[in-house]
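[1] Coordinates for the following, if possible.
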Amino acid sequence: MPCSRRIHALLAALFLVCVGVLTGCASQPKPVTTVIVNGDFGQKPTLTIPAIDPPTTLRTTVVHEGSGPVISQGQTITANYLGQRWKPMNGQTAVFDNSFDRHQPITFRVGVGEVIPGWDQALIGHKVGSRVLLEIPPDLAYGPDPLAHELGGQTLVFVVDLISAA
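    Next comes the predicted model:
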């Protein structure tokens, strides 16, 4: 085998070993985010979202890990949240809703379709007392069609403070 083919074969084998090691080492890869969350649990957060393309898959990052019980599908949870568009559109402000200003957390059953799919998928498995950052693509938020909903077609970013679960 000529030298260049041996080098290519060696590099290909090395690449496969590296991929195998990287995918086999972590049972759940830690999501990478460039969104910056400022503020403590219980306080209204502020977000700094980078001027890059939004993620195309659901990303969940624990900003602050709580010490309470783990949330399971079907439980009724109470949470405070701030929702912001990844990119403001048509002169709209980036923040579109939050419960902090109303001083009224929301209560809902998680994992059963009472909230958008991104929330249903992302909040299960986190501990009460946690602050969680959710980066939700359109298909797991309000759908891809901006005519169907004012937030349709947009990637949404939420900071959710998990207050209680029953």
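
[2] give me every residue that touches the residue nearest in space to the middle of the chain.
    Among the residues of the chain, the one closest to the centroid is L134, at 2.4 Å (Cα atoms, centre = their mean). Contact analysis of L134 by Cβ atoms under 8 Å, 6 or more residues apart in numbering lists 58-60, 118-119, 122-123, 156-160. Bear in mind the C-beta positions are built from the backbone N, C-alpha and C, glycine included.

[3] run the last query once more with 6 Å
    Shown in contact with L134 (Cβ atoms under 6 Å, 6 or more residues apart in numbering): 60, 122, 158.

[4] Most neighbours out of these, which is it?
    Within the contacts of L134, most neighbours by other Cβ atoms under 10 Å means F158, with 25 neighbours.

[5] so which strand or helix has that one?
    For F158, the host element (DSSP states H and E) is strand 156-165.

[6] In terms of secondary structure, what does that strand contact?
    strand 76-85, strand 131-136 (3 or more Cβ pairs under 6 Å, 6 or more residues apart in numbering; DSSP states H and E).

[7] Strands of this protein, start to end?
    Here the chain has its strands, by DSSP state E, at 36-38, 46-48, 59-64, 76-85, 95-98, 106-109, 131-136, 156-165.

[8] Pull the distance from stretch 104-113 to the chain's centre.
    17 Å (Cα atoms, centre = their mean, to the nearest Å).

[9] so where's this protein shaky on pLDDT?
    1-33, 89-92 (pLDDT under 70).

[10] what angle do the strand holding F158 and strand 76-85 make?
    Angle of strand 156-165 versus strand 76-85, following axes from the mean of the first three to the mean of the last three Cα atoms, to 10 degrees, is 160 degrees.

[11] thought L47 was touching Q84?
    Yes. L47 is in contact with Q84 according to Cβ atoms under 6 Å; the separation is 5.3 Å.

[12] Contacts only, for the closest residue in space to S130 that isn't next to it in sequence.
    Nearest residue to S130, sequence neighbours excluded (Cβ to Cβ, 6 or more residues apart in numbering): G66, at 3.9 Å. Taking Cβ under 6 Å, 6+ apart, we find G66 in contact with 127-130.

[13] No further queries at this time; thank you.
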